[in-house]
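Asker: model this:
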Amino acid sequence: FRGKTVAVVGGGDTAVSDAIALAGLCRAVYLLHRRDVLRAQYSLVRQAHALPNLKMIFSVSPVRIEGGQKVERIVLRRAGGSELALPVDGVFVAIGVIPNSQRLPPSLPTDGGYLEAPESGVTPVPGVFVAG
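Answerer: Numbers count the residues shown, from 1 in each chain. Prediction:
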């Protein structure tokens with residue numbers, strides 16, 4: 001995703017750390033959080049605020065990811081109910097510690113709800129990669 005625009009969904013330490021790391025590679029990073037304040041450690045939040053290519057968007061929830069052969073945008077629902085579409089090249093979900101893979105394509109191999117993939121992160125579904 002070097003030079004691309006990506007979104008990171010979440011507001012905890014993992015999400016903010018991921019957004020900071022991606023900001024070193026990507027043209028732009030959106031950090032999307034459903035609440036109005038991040039739950040990450042203050043030191044991480046301070047680092048994130050200092051990055052000019054990292055934009056935080058609060059009080060939004062992901063509705064869907066749209067695109068053809070690749071991700072083209074993420075559609076968000078604002079607290080008031082209106083929708084916002086952000087053009088992005090990739091989406092990184094960094095929420096929760098319990099796997100929630102029920103919404104993923106059934107062709108993705110799982111073990112106890114956790115996605116399985118080789119070291120490369122490539123899955124049998126084109127455009128879907130596993131990291132972490």
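Asker: how does the chain divide into domains?
Answerer: Following the assignment in automatic domain parsing, the chain carries domains at 5-97, 99-132.
Asker: all strands of this protein, in order?
Answerer: In chain order, the chain shows strands spanning 5-9, 28-32, 54-57, 60-66, 73-78, 83-87, 90-93, 110-111, 114-115, with DSSP state E as the criterion.
Asker: of all those, which one is nearest Q47?
Answerer: The closest of the strands of the chain to Q47 is strand 54-57. By C-beta to C-beta, the value is 9.2 Å. (C-beta placed from N, C-alpha, C; glycine too.)
Asker: what mean pLDDT does that closest one get?
Answerer: Strand 54-57 shows a mean pLDDT of 98.
Asker: where does this protein have low pLDDT?
Answerer: Residue ranges of the chain with pLDDT under 70: 97-100, 132.
Asker: what is V75 paired to in the beta sheet?
Answerer: When bridges are called by DSSP bridges, V75 pairs up with R64, A85.
Asker: next, the contact list for it, please.
Answerer: Taking C-beta atoms under 8 Å, 6 or more residues apart in numbering, we find V75 in contact with 62-66, 83-86.
Asker: just the buried residues from the residues you listed, in ChimeraX please.
Answerer: In ChimeraX syntax, the buried subset of the contacts of V75 is picked out as below (16 or more other C-beta atoms under 10 Å):
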select :62,86
